[in-house]
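Curious how this folds, go ahead:
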Amino acid sequence: MWWHAMSGELGKQLEKLAADFNASQSDYRIVPAYKGNYTETVTAAIFAFRSRSQPAIVQVNEIATATMMAARGAIYPVFELMRDQSEAFAPSAYLPAVAGYYADVDGNMLSFPFNASTPILYYNKDMFRSAGLDPSVPPRTWPELGVVAKRLRAAGAMCGVTTSWPSWINVENFSAFQNLPIATKANGFSGLDAQLIFNNPLVVRHIAQLAQWQADKTFDYSGRGQAAEPRFQKGECGIFIGSSGTRADIKANSKFEVGYGMMPYEPDVQGAPQNSIIGGATLWVLRDRPRAEYAGVAKFFAYLSRPEVQATWHQNTGYLPITRAAFDLTRAQGFYDRNPGASISIEEVTLKPPTDHSKGIRLGSFVLIRDVIEEELEQVFAGKRSAQAAMDNAVERGNRLLRQFERANPDR
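Model prediction:
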């Protein structure tokens with residue numbers, strides 16, 4: 001059993017992966033089951049484990065990595081599984097931005113990288129033309145984006161720009177792209193006693209700018225998760241910053257020419273842009289399944305690692321190719337030449353070597369902390385709180401959750 005959180009076009013691609021593996025051999029059958037969004041899927045797996053009805057594989061989003069690492073008795077680290085089953089598995093084969101997120105301090109990979117994404121900029125080329133803007137030139141910086149979004153509004157767009165996943169894009173990736181820390185201790189990678197420190201002048205300025213744009217719909221807040229994406233597809237907003245992993249859905253459902261660009265950066269920040277960080281999810285293996293199933297899981301992971309399988313998944317979804325070989329194969333096949341913008345996500349995560357501020361986030365209870373950040377952002381966008389007060393609140397509330405997690409995991 002493989003519990004997952006993918007619906008729509010991505011769900012179809014996932015089902016095809018399982019079906020192709022099942023058709024490639026006759027010893028094992030992978031059975032995918034959709035369990036709702038990431039939080040619902042993880043919650044379902046936790047409850048199932050307690051009642052001894054857990055699946056062998058569960059898809060878990062990237063920010064729950066620290067939480068999964070703390071559940072030592074429940075997880076079967078992937079590097080151990082592959083070693084026990086004598087299947088080839090080398091972290092060096094994977095893109096550093098992906099492998100580093102899911103490895104322990106010794107470089108051992110704990111979960112299997114599956115769908116890795118990063119935020120990119122999508123724009124409506126037809127709306128750009130109508131507004132007298134060059135459809136071949138996406139805005140590169142936040143000030144440029146503001147100018148372009150105002151032009152789109154003046155030309156009749158319901159909103160200039162919107163983003164999905166508000167914290168992931170406007171706090172977490174904004175910080176990484178400017179090489180700013182989210183927390184001490186290398187964003188939590190170096191210890192459970194990390195402290196959140198993202199209430200700095202640059203993040204506060206960015207959130208305040210969005211709130212100012214909100215007044216005339218230059219920027220329009222669309223809600224949490226992927227709530228903003230349909231607004232772009234319907235032609236309401238001319239620019240959308242969202243996951244590279246939604247490229248398949250956007251291409252399938254948009255009735256206009258879509259353009260692609262990198263996330264904007266702040267031009268007055270020295271060294272910016274740095275590199276973006278990944279989102280998405282990995283596949284965690286749960287313990288206490290029949291021994292024979294684990295041989296099948298290892299075979300499935302080996303299958304997923306094949307360059308041709310990875311390249312197809314990357315090309316059909318917009319998720320990153322998780323291995324260098326899949327990236328090289330995709331390039332050799334001419335995919336990037338035929339599909340302008342498809343390589344932007346890889347360019348972003350590999351723009352510069354990751355720093356302690358830009359290799360990712362490993363903080364306990366970060367699913368809850370992200371909720372806190374987004375509650376505070378909503379207060380700002382509703383005009384009920386200043387950006388500084390909201391970010392101060394988010395840091396204070398988030399640090400309380402970190403200390404609770406630290407107390408609950410004293411042996412780590």
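
contacting residues around the nearest residue to Ala272 once chain neighbours are set aside?
Spatial nearest neighbour of Ala272, excluding adjacent residues (CB to CB, 6 or more residues apart in numbering): Tyr265 at 4.4 Å. C-betas here are computed from N, CA, C, even on glycine. By CB atoms under 8 Å, 6 or more residues apart in numbering, Tyr265 lies in contact with 140-142, 177-178, 272-273.

what's the span of stretch 313-321 from first residue to last?
Its start and end residues considered, stretch 313-321 measures 8 Å (CA to CA, to the nearest Å).

Quick one: residues in contact with it.
In contact with stretch 313-321 (CB under 8 Å, 6+ apart) are residues 9-10, 13, 17, 95, 97-98, 115-118, 243-248, 278, 280, 304, 310-311, 326-327, 330, 335, 339, 342, 345-346, 349.

PyMOL command to pick out the buried ones of those?
Buried members of the contacts of stretch 313-321, defined by 16 or more other CB atoms under 10 Å, are picked up in PyMOL with:
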select buried, resi 9+10+13+17+95+97+98+115+116+117+118+243+244+245+246+247+248+278+280+304+310+311+326+327+330+335+342+345+346+349
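
burial measure for Val31, as a count.
Number of residues near Val31 (other CB atoms under 10 Å) recorded here: 12.

what does Ala272 give?
Using other CB under 10 Å, Ala272 is surrounded by 17 other residues.

Contact partners for it?
Counting by CB under 8 Å, 6+ apart, the residues that Ala272 touches are 177-179, 265-266.

How about Glu266?
Neighbours of Glu266 in contact, by CB under 8 Å, 6+ apart: 141-142, 178, 202, 206, 272.

where does the chain dip in pLDDT?
Along the chain, the parts satisfying pLDDT under 70 run over 411-412.

And for the residue nearest in space to the middle of it, nearest residue in space, chain neighbours not counted?
By CA atoms, centre = their mean, the chain has its centre lying nearest to Gly279, at 1.7 Å. Once flanking residues are discounted, Gly279 sits nearest to Ser117: 5.1 Å by CB to CB, 6+ apart.

cool, and Pro139?
In space, Pro139 is closest to Leu145, 4.0 Å off (CB to CB, 6+ apart).

now Val297
In space, and not counting its chain neighbours, Val297 is closest to Ala56: 5.3 Å by CB to CB, 6+ apart.

Got phi/psi on Phe219?
Note on Phe219: its backbone torsions stand at phi -120, psi 140 [degrees, to the nearest 10].

Looks like it contacts Trp213 (just checking).
Yes: counting by CB atoms under 8 Å, Trp213 is a contact partner of Phe219 at 3.7 Å.

Looking at these two, which is more packed in?
The neighbour count for Phe219 versus Trp213, taken as other CB under 10 Å, is higher for Phe219 (26 against 22).

Contacts only, for the more buried one.
Counted by CB under 8 Å, 6+ apart, Phe219 has contacts 149, 159-162, 210, 213.

Please apply the same query to Arg151.
Arg151 sits in contact with 131-133, where contact means CB under 8 Å, 6+ apart.

So which of those residues belong to strands?
Judged by DSSP state E, strands contain none of those.

okay if I get those residues as JSON lines plus distance to Gly188 and neighbour count?
Below are the contacts of Arg151 laid out as JSON lines (distance: CB to CB, whole Å; neighbours: other CB atoms under 10 Å):
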{"residue": "Ala131", "distance to Gly188": "42", "neighbour count": "21"}
{"residue": "Gly132", "distance to Gly188": "46", "neighbour count": "9"}
{"residue": "Leu133", "distance to Gly188": "41", "neighbour count": "20"}
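
Looking at the protein, which helix is longest?
What stands out as the longest helix in the chain, according to DSSP state H, is helix 387-408.

list the buried ones in it?
By 16+ other CB under 10 Å, the buried positions in helix 387-408 come out as 387-388, 390-391, 393-395, 397-399, 401-402, 405-406.

Would you confirm that Thr355 contacts Ile277?
No: applying CB under 8 Å, one finds Thr355 not in contact with Ile277, separated by 10.8 Å.

So for the two, which residue has more residues nearby?
Neighbour comparison, Thr355 and Ile277: the larger count goes to Ile277, with 26 against 15 (by other CB under 10 Å).

how deep is the nearest residue to that one once chain neighbours are set aside tucked in, by neighbour count?
When the adjacent residues along the chain are set aside, Ile277 lies closest to Ala176, with 4.5 Å between them (CB to CB, 6+ apart). Neighbour count for Ala176, taken as other CB under 10 Å: 30.

which ones are touching Ala176?
By CB under 8 Å, 6+ apart, Ala176 lies in contact with 274-277, 357-358.

As TSV, these with secondary structure would be great.
Shown next, in TSV, are those (DSSP: H, G, I helix; E, B strand; the rest coil):
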residue	secondary structure
Gln274	coil
Asn275	coil
Ser276	coil
Ile277	coil
His357	coil
Ser358	coil
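
Out of those residues, which two sit at the greatest distance?
Greatest spatial distance in those: Ser276 and His357, 12.0 Å, computed using CB to CB.

So between the two, which is more surrounded?
Legend: neighbour count by other CB under 10 Å for Ser276 and His357, higher for Ser276 (30 against 20).

Most neighbours among the contacts of Phe219, which one?
When the contacts of Phe219 are compared by neighbour count (other CB under 10 Å), Val161 ends up highest, at 29 neighbours.

Report the beta-bridge partner residues of it.
Phe219, Ile239 (DSSP bridges).

In space, what's closest to Gly261 - neighbours in sequence excluded?
Of all residues not flanking Gly261 in the chain, Pro138 sits nearest, at 2.9 Å (CB to CB, 6+ apart).

and the closest residue to Thr330 other than its chain neighbours, what does it touch?
Among residues not flanking Thr330 along the chain, Ala311 sits closest, at 4.7 Å (CB to CB, 6+ apart). For Ala311, the contacting residues are 321, 326, 329-330, 333, 335, by CB under 8 Å, 6+ apart.

distance of Ala311 from Leu304?
12 Å (CB to CB, to the nearest Å).

wait, isn't Ser24 in contact with Leu304?
No: counting by CB under 8 Å, Ser24 does not reach Leu304; the two are 11.3 Å apart.

hmm, back to that, among the contacts of Phe219, which one lies nearest to Tyr102?
Tyr102 has its nearest neighbour among the contacts of Phe219 in Thr162, at 30.0 Å by CB to CB.
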